[in-house]
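> Just a sequence and a predicted model for now, questions to come.
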Amino acid sequence: MAEPVAAFDCGSNSTRLLIASPDGRALAREMHITRLSQGVDATGALSPEAMERTLSVLREYRRRCDEAGVERGLLVATSAVRDASNGALFLDRAREVTRVESRVLSGNEEARFSFAGASADLAQSALPTMIVDVGGGSTELASEVEGAMLSYSMQLGCVRVTERALGRDVVTPERDAATRAMIASELERAFDAVPAFDSLVGKVRLVGLAGTVATLAQLDAHLSVYDRVVVHHRVLSRATVGSWRDRLAREPLDVRLTHPGMVPGREDVLAAGLYVLAAVMDRFEVEELLSSESDILDGIVFSLL
């Protein structure tokens, strides 16, 4: 008899769970901000505190899986664990807690899972689809063109950009300039690595994934309480991205938290994510993107089923 499966995503900023029925229907979705990548960019290692925050959430997720009768699943870790000298230690502990196969994804694997999840329920389009997955430590770009997957993982995530360039509070002109330069340099590296990206400039449907885009969609809709129906496939204009980026950059953290739709735990890193998102839209000459709540978790579930 077919049984439900579970996908666990240990991201740089959040730890998430999707439990799905044998036919792929979502039975439960959970998200907790655990900031696993805190300090990794500076120290090269996961901190004991960050690991314990994440493992504590994974224990709760395992309890949810037990209640749902889940025996089979996959846990993936991404940028924070890829970059950390003690990533293998964390992965071993995560495997013990969740009792499922656990592995670190390469940037390209992450992009492919994300693309599979986000593209499954999209309407047909004459334009090729590109996903931009703004995570905590990295941002994945992926598109399928004439049956070939084009993907690249940029070392640009909302936590990484915050820690390295933008800072956590009101943005100064110097930090603004440093952030833009950091992002521009990494985008050029992406285009150098994947020359075919040039063929997509001005000719692509952009789909945005993960917490930065979801929170922006909530802010745009003035949602005090999360509503997947409103957020999923919401159209966000380039002007909206830039407006919220600039607004948050001018505000201290306590003011950012007052906006309906702001997710506590993202107020210090959302602006950095929007800098990345705006730069990607500019580079690909895109005037709007589609927010998708289907993402890497859905791609993992498809692989399990």
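Great, that's in hand.
> How about the contacts made by Val276?
For Val276, the contact set (C-beta atoms under 8 Å, 6 or more residues apart in numbering) comprises Val134, Thr139, Leu156, Gly157, Cys158, Val161, Ile183, Thr212. For the C-beta atoms, the positions are set from N, CA and C on the backbone; glycine is no exception.
> Return the closest of the residues you listed with respect to Thr54.
Nearest to Thr54 among the contacts of Val276, counting by C-beta to C-beta, is Gly157 at 15.9 Å.
> residues near the closest one, how many?
For Gly157, the count of nearby residues is 33 (other C-beta atoms under 10 Å).
> Could you check what's spatially nearest to it, not counting adjacent residues?
Among residues not flanking Gly157 along the chain, Gly137 sits closest, at 4.0 Å (C-beta to C-beta, 6 or more residues apart in numbering).
> same question, Val241
In space, Val241 is closest to Ala278, 4.8 Å off (C-beta to C-beta, 6+ apart).
> what's the answer for Asn13, then?
Gly136 (3.3 Å).
> did I read that right, the one you found in a helix?
No - secondary structure of Gly136 (DSSP: H, G, I helix; E, B strand; the rest coil): coil, not part of a helix.
> right, and it touches Val40 too?
No - the pair Gly136 / Val40 is not scored as a contact, 9.5 Å apart, by C-beta atoms under 8 Å.
> quick one: common contacting residues for those two?
Joint contacts of Gly136 and Val40 (C-beta under 8 Å, 6+ apart) are Ser12, Ala80.
> Between the two, point out the one with more neighbours.
Gly136 (32 against 28).
> per-residue confidence for that one?
Gly136 is assigned a pLDDT of 89 by the prediction.
> Which residues are in contact with it?
For Gly136, the contact set (C-beta under 8 Å, 6+ apart) comprises 11-14, 35-37, 79-80, 157-160, 269.
> repeat for Ser153
Ser79, Ser106, Gly107, Asn108, Glu110, Ala111, Ser138, Thr139, Glu140, Leu141 are the contacts of Ser153 under C-beta under 8 Å, 6+ apart.
> Over to Phe302?
Contacts of Phe302 (C-beta under 8 Å, 6+ apart): Gly24, Ala116, Gly117, Ala120.
> which one among the residues you listed gets closest to Gln218?
Gly117 (19.8 Å).
> Setting aside sequence neighbours, what's the nearest residue to His259?
Leu219 (5.7 Å).
> helices and strands around the helix or strand harbouring that neighbour, which ones?
Taking DSSP states H and E as the criterion, Leu219 maps to helix 210-221. With contacts taken as 3 or more C-beta pairs under 8 Å, 6 or more residues apart in numbering; DSSP states H and E, helix 210-221 sits against strand 129-134, helix 228-231, strand 235-237, helix 238-250, helix 270-283, strand 288-291.
> want to throw these into TSV with distance to Ser85?
Formatted as TSV, the helices and strands packed on helix 210-221 follow (distance: least, C-beta to C-beta, whole Å):
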stretch	distance to Ser85
strand 129-134	25
helix 228-231	36
strand 235-237	37
helix 238-250	33
helix 270-283	24
strand 288-291	35
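> So which of those is the most surrounded?
Of all these, strand 129-134 has the most neighbours on average by mean count of other C-beta atoms under 10 Å, namely a mean of 27.
> All set now, cheers.
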